[in-house]
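need the 3D shape of this:
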Amino acid sequence: MKLSGEDIEIAEFIIGNIDESGLLSCSIEELAETLKATPERVERILMKIQRFDPPGVAARDLKESLMLQLRERGIDNNLAYRIVDEQLETLDRKSHLQIAKTLGVTVERVQEAMDIIKTLSPHPAYGRFARAAAAVIPDLIIEKIGEEYVISHNDRNVPQLRVNAGYKELLKRGNTTPKETKQYVREKLEQARWLLNAINQRRNTMIRVMQAVVHHQIEWFERGVEHLRPLTMEKIADIVEMNVATISRVSSDKYVQTPHGVFEIKYFFNSGVNTEHGEQLAKRTVKQEIEKLIAAEDMGKPLSDQEIFKLLKQQEISIARRTVTKYREELRILPARFRRRTAT
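I've put the predicted structure just below:
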């Protein structure tokens with residue numbers, strides 16, 4: 001796959017937003033807005049990434065992932081592909097006979113197509129990139145001192161990097177060190193200074209980014225994890241006057257110890273949905289509400305996505321029913337029909 005420099009940056013950012021199950025964790029529009037690129041350009045690059053192994057990777061939802069897997073097998077013009085394309089959202093409610101009548105085919109053909117669909121993976125990359133659990137050591141510590149939140153690096157017991165003074169002595173006038181050796185040492189000292197400056201700059205960047213995050217997520221720090229607000233990397237990039245890619249690098253696999261526990265810095269960046277009062281809730285907060293509703297449901301009569309949609313609406317959370325389905329799938333929660341089977 002040949003890409004230009006800017007396209008490579010977009011591709012890397014897309015890949016960085018693929019979750020451990022293999023699905024894309026944000027929309028084309030969100031990627032385009034963050035990267036300041038056109039949606040068409042982002043989608044063109046995404047389509048190239050979707051050709052990678054395993055089949056179905058980088059799909060935006062379950063439906064697209066299954067269709068990509070069928071296309072990879074060269075069976076994108078048969079009944080299985082049509083069922084996924086046209087009937088996926090109703091599979092948990094319709095019998096094979098009902099699907100056959102809807103599509104105008106025999107029950108036997110539907111059964112054969114369903115057997116193919118059952119061989120597909122709803123999480124194409126699940127387990128392939130999983131890492132063994134390891135202790136997380138936070139890179140930053142946030143403490144509330146008085147009325148302010150103070151951010152510091154978690155390196156109090158780590159020796160400070162510095163250049164050995166013995167090498168500087170080799171460059172002093174009058175030293176009998178050979179000219180070639182001095183030139184070599186001089187070059188290495190410049191490289192060492194560059195490395196130290198880069199490390200210090202990265203440390204300062206992490207502090208500045210986290211300061212901006214704390215400012216915009218102050219409700220979360222003051223009132224708890226239920227009060228996470230929508231926040232994009234682009235917004236923080238504008239505040240600290242840095243590139244979005246830089247914000248992404250200092251946020252990935254970097255952790256911060258807060259009064260509410262240890263979190264990855266990326267946790268604080270998320271898209272939002274509107275309430276009926278015009279306020280915005282973080283996508284992660286909405287997912288937590290869906291989890292709560294399902295956890296409290298009657299196991300003999302689990303909630304359908306439509307019922308969850310209505311209950312969220314009663315809480316003045318306005319999202320489409322298909323968005324409920326998308327969030328439930330991202331949470332790896334089975335549809336109502338299969339949750340009932342699990343309960344029995």
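
SS state for residue 302?
Residue 302 falls in the coil class when you classify it by DSSP: H, G, I helix; E, B strand; the rest coil.

my guess is it contacts residue 294, does it?
Yes: counting by CB atoms under 8 Å, residue 302 does reach residue 294; the two are 7.4 Å apart. C-beta here means a position set from N, CA and C on the backbone, and glycine is covered the same way.

what do the two both touch?
residue 339 (CB atoms under 8 Å, 6 or more residues apart in numbering).

who has more neighbours out of the two?
Between residue 302 and residue 294, counting by other CB atoms under 10 Å, residue 302 is the more crowded of the two (21 against 17).

and that one, how far from residue 92?
11 Å (CB to CB, to the nearest Å).

which neighbours do those two have in common?
The contact sets of residue 302 and residue 92 overlap at residue 336 (CB under 8 Å, 6+ apart).

spit out the contact partners of residue 293.
Counted by CB under 8 Å, 6+ apart, residue 293 has contacts 303, 308, 311-312.

nearest to residue 58, of those residues?
residue 308 (27.0 Å; CB to CB).

can you map out the helices along the stretch 201-344 of the chain?
218-223, 233-240, 244-251, 283-295, 305-314, 321-330, 336-343 (DSSP state H, counting those that start in this stretch).

the stretch 1-150 of the chain now?
5-16, 28-35, 39-49, 62-72, 79-87, 96-103, 107-117.

report the inter-axis angle for the third one versus helix 28-35.
I take that to be helix 39-49. Interaxial angle of helix 39-49 relative to helix 28-35 (axes from the mean of the first three to the mean of the last three CA atoms, to 10 degrees): 110 degrees.

then the fourth one?
Regarding helix 62-72 and helix 28-35, their directions subtend 100 degrees when assessed with the same axes, to 10 degrees.

put together CSV for the contacts of residue 293, with neighbour count and distance to residue 82 on each row.
Output for the contacts of residue 293, formatted as CSV (neighbours: other CB atoms under 10 Å; distance: CB to CB, whole Å):
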residue, neighbour count, distance to residue 82
303, 20, 29
308, 23, 28
311, 17, 33
312, 22, 32
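
backbone torsions only: list them for residue 155.
Phi and psi for residue 155, reported as degrees, to the nearest 10, are phi -140, psi 30.

what is the burial count for the closest residue to residue 236 other than its chain neighbours?
For residue 236, ignoring the flanking residues on the chain, the nearest one in space by CB to CB, 6 or more residues apart in numbering is residue 212 at 5.0 Å. Residues lying near residue 212 (other CB under 10 Å) number 19.

ok, now how distant is residue 212 from residue 108?
Per CB to CB, residue 212 is found 61 Å from residue 108.

with residue 238 instead?
For residue 238 relative to residue 108 (CB to CB), the value is 59 Å.

and these two? Which one has more around it.
residue 238 (13 against 10).

ok, which of the helices of the stretch 201-344 of the chain comes nearest residue 144?
The closest of the helices of the stretch 201-344 of the chain to residue 144 is helix 218-223. By CB to CB, the value is 7.7 Å.

other SSEs contacting the closest one?
Using 3 or more CB pairs under 8 Å, 6 or more residues apart in numbering; DSSP states H and E as the contact test, no helix or strand touches helix 218-223.

tell me the buried residues in it?
220-221 (16 or more other CB atoms under 10 Å).
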